[in-house]
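*Asks:* okay, here's the prediction I keep looking at, along with the sequence it came from:
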Amino acid sequence: MQVIEGGVTAAKGFEAAAVAAGIKYQDRTDMALIYSGKPCKTAGTFTTNRVKAAPVIWDRAIVEKKLKSQAVIVNSGIANACTGEEGMSYCAQTAKETAKVLGVDEKGVLVASTGVIGMQLPVERIKMGIRNLAEEKNSDLASGTKAAQAIMTTDTKKKEVAVTFEIGNTPVTIGGMAKGSGMIHPDMCTMLSFITTDARISRKALQAALSADVEDTYNMISVDGDTSTNDTVLLLANGMAGNDKIRYGTREYEMFREALHYVNETLAKEMAGDGEGATALFEAKIIGADTKEQAKMLAKSIVCSNLTKTAIAGHDANWGRILCAMGYSGADFTPEKVDLYFESEAGKLKIIENGTALDYSEEKATEILSRAKVTVIADMKEGNAKAAAWGCDLTHEYIRINADYRS
C-alpha cells in the first residue's frame, strides 16, 4: 500500500466540485458534489442517536435497499435535523434536481448536511447550488480538495487522504474526505466521511469492511462527549479499476480492509486533532490488556475525561486523572499492575509503575505534553490485547466557539 496525494477524486472515475450557495455562510463555499462516471455499490454507517437528521434517514434507506448511486450532494451550515416532513421533502427535491442536471437515477442520489440543528434548508439555493456544481465538477485533485473544504463548519482545516495498492497486478485506489470538529463522540459523531474507491468488490465485502472498521476508527474518537444527529460514513465503489472482484473472506478482501483502515484512521485522527478549540491531538493507547473489549473501554474512558483533557491543555502530568478515568470505565483490571507513560516527539517518559508514581522529571513531562500530538500509554500487564482512542485537549476556546455557534 502506498499513500498518495488527493482525496475523493484520487480513484478512477470520480469527480468533485464545490460552490458557494449562501446556505448559512456568506464568505465561503458551502456545497460539495461527489460524482462517479459509473453507478456505484454503496455501503454506509450512521449515527446511533435516536434523533436522526433527514439526510441520515434518506441515505440509510438507499444503503439498505442496495440501490446504486452516482452522486452525493453535501451542504454545510444547516444540518436539516429536527425538520420534520419538510426536511425529508428537501432530500427528495435535492435528489430530483441532481438527477435532472446530471442524468443519474434520483433513487440513488445520496445527500448529507452538517451545521445548525432545527433550521430549514433554503431549498431554492440548494437547487441553484446543484446546477452550479454540475458545471464545476472535475476529476482533478484540486476539485477533491475544494469539496473537502466546502463541507467544513467549525473545522480549521480540510481533511482528505488517498492510498493505492494492487489486486493481482491491477492498481486499486481508495480516497476519502471528512469533516468534524465538535459534537464528536464514540458511536459516530458530528462527522461526515465520504470514501471513494475504483475497486471491483462485492456488496457484501464492501459493507462488511466498512462496518467492521468503523468500530476501530470513527467510533474511537471523542472531542466533547456529544453524539450527533447527522453522523454519516458513505463508501462508494464504482469498479472502474477493473481488478478481479474482491470477495468477502479472501486475501484480497483483507488487503482492501487494510487500505480502508488506513484511510478511515487517518481521517478519524484528523478530526480528533482538529477538535473545537484544541491545541493537541490526544491519543490513548492501551497495551497488555486481557481482551480487546477491555482495552477499548479503557482507551475511550481516558480520552473522554474532561479532567484529563484539561490537564493535557495545561501540559500538566496529572496522571491521577488518567487512572481515575480508567477506574470508572467499567473495565475490570488490577490498578496495582498498571504502568503509565507519556510520549510525544519530545520523547517518552515512564510516569507510574505498578500503580505507583516514579521519581520522574516534571520538566521533561511538561516538555512532552507541550507537543501537537500527545500519547498516553497504559500497560495493563494482563494479556496481549490492545486498542487506541483519540481525542484532544479541552480549552477556553471550545466554550467560545459553542457559545456563539448559531450567531
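*Replies:* Perfect, thanks for sending it.
*Asks:* now stretch 155-165 - C-alpha only, CSV.
*Replies:* In CSV, the C-alpha atoms belonging to stretch 155-165 read as follows (Å, rounded to 0.1, in the frame of the first residue of the first chain):
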residue,chain,number,x,y,z
ASP,A,155,-13.2,22.8,11.2
THR,A,156,-10.0,24.7,10.9
LYS,A,157,-8.5,22.6,8.1
LYS,A,158,-9.7,20.3,5.3
LYS,A,159,-9.3,16.5,5.8
GLU,A,160,-8.5,14.2,2.9
VAL,A,161,-6.4,11.2,2.2
ALA,A,162,-5.8,8.6,-0.5
VAL,A,163,-3.9,5.3,-0.9
THR,A,164,-3.2,2.9,-3.7
PHE,A,165,-2.5,-0.9,-3.7
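*Asks:* can you list contacts of it?
*Replies:* Outside stretch 155-165, the residues that touch it by C-beta atoms under 8 Å, 6 or more residues apart in numbering are 1-8, 10-11, 144-145, 148-149, 152, 171-181, 255, 258-259, 262-263, 266-267, 270-271, 274. (Each C-beta comes from the backbone N, C-alpha and C, glycine too.)
*Asks:* as a check, name the ranges of all strands in the stretch 1-150 of the chain.
*Replies:* Counting by DSSP state E, counting those that start in this stretch, the stretch 1-150 of the chain has these strands, from start to end: 2-4, 14-19, 31-46, 69-78, 110-116.
*Asks:* wait, which of these is closest to residue 396?
*Replies:* strand 110-116 (22.5 Å; C-beta to C-beta).
*Asks:* quick one: the closest one to strand 31-46, angle?
*Replies:* Going by axes from the mean of the first three to the mean of the last three C-alpha atoms, to 10 degrees, strand 110-116 is angled at 100 degrees with respect to strand 31-46.
*Asks:* from the contacts of stretch 155-165, list the buried ones, please.
*Replies:* 6-8, 10-11, 144-145, 148-149, 152, 172-181, 255, 259, 262-263, 266-267, 270-271, 274 (16 or more other C-beta atoms under 10 Å).
*Asks:* restricted to helices, list the residues you listed.
*Replies:* Residues of the buried ones among the contacts of stretch 155-165 located in helices (DSSP state H): 144, 145, 148, 149, 255, 259, 262, 263, 266, 267, 270, 271.
*Asks:* flag the least confident of those residues.
*Replies:* Among these, residue 271 carries the weakest pLDDT, at 86.
*Asks:* nearest residue to that residue other than its sequence neighbours?
*Replies:* residue 180 (3.7 Å; C-beta to C-beta, 6 or more residues apart in numbering).
*Asks:* pass me the low-pLDDT residue ranges in the stretch 301-407 of the chain, would you?
*Replies:* The model of the stretch 301-407 of the chain has pLDDT under 70 over residues 405-407.
*Asks:* swap that for the chain, please
*Replies:* Applying pLDDT under 70 to the chain flags the ranges 181-190, 223-229, 405-407.
*Asks:* what are the boundaries of the helices in it?
*Replies:* 54-64, 84-102, 123-136, 141-150, 203-214, 251-273, 292-304, 306-313, 319-327, 362-369, 396-403.
*Asks:* so which of the ones you listed is nearest residue 282?
*Replies:* helix 306-313 (5.2 Å).
*Asks:* quick check: the gap between the nearest residue in space to residue 38 that is not next to it in sequence and residue 36.
*Replies:* Of all residues not flanking residue 38 in the chain, residue 238 sits nearest, at 4.7 Å (C-beta to C-beta, 6+ apart). According to C-beta to C-beta, to the nearest Å, residue 238 stands 5 Å off from residue 36.
*Asks:* overlap in contacts, these two.
*Replies:* 13, 14, 196.
*Asks:* just among these, which is most surrounded?
*Replies:* When neighbours are counted by other C-beta atoms under 10 Å, residue 196 leads the shared contacts of residue 238 and residue 36 with 32 neighbours.
*Asks:* same list (the helices of the chain) but as JSON lines, adding distance to residue 233.
*Replies:* Compiled in JSON lines, those are given as follows (distance: least, C-beta to C-beta, whole Å):
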{"stretch": "helix 54-64", "distance to residue 233": "10"}
{"stretch": "helix 84-102", "distance to residue 233": "18"}
{"stretch": "helix 123-136", "distance to residue 233": "21"}
{"stretch": "helix 141-150", "distance to residue 233": "15"}
{"stretch": "helix 203-214", "distance to residue 233": "6"}
{"stretch": "helix 251-273", "distance to residue 233": "8"}
{"stretch": "helix 292-304", "distance to residue 233": "18"}
{"stretch": "helix 306-313", "distance to residue 233": "25"}
{"stretch": "helix 319-327", "distance to residue 233": "27"}
{"stretch": "helix 362-369", "distance to residue 233": "32"}
{"stretch": "helix 396-403", "distance to residue 233": "24"}
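*Asks:* and residue 24, which of those helices is closest to it?
*Replies:* Using C-beta to C-beta, the nearest of the helices of the chain to residue 24 is helix 123-136, at 9.9 Å.
*Asks:* got the CA coordinates for that closest one in CSV?
*Replies:* Provided in CSV are the C-alpha atoms of helix 123-136 (Å, rounded to 0.1, in the frame of the first residue of the first chain):
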residue,chain,number,x,y,z
VAL,A,123,-34.1,24.7,-0.9
GLU,A,124,-34.0,27.1,-3.9
ARG,A,125,-30.4,28.0,-3.0
ILE,A,126,-29.7,24.2,-2.8
LYS,A,127,-31.1,23.7,-6.3
MET,A,128,-29.1,26.5,-7.7
GLY,A,129,-26.0,25.1,-6.0
ILE,A,130,-26.6,21.7,-7.6
ARG,A,131,-26.8,23.3,-11.0
ASN,A,132,-23.6,25.1,-10.4
LEU,A,133,-21.9,22.0,-9.0
ALA,A,134,-22.8,20.1,-12.2
GLU,A,135,-21.0,22.8,-14.2
GLU,A,136,-17.9,22.8,-12.0
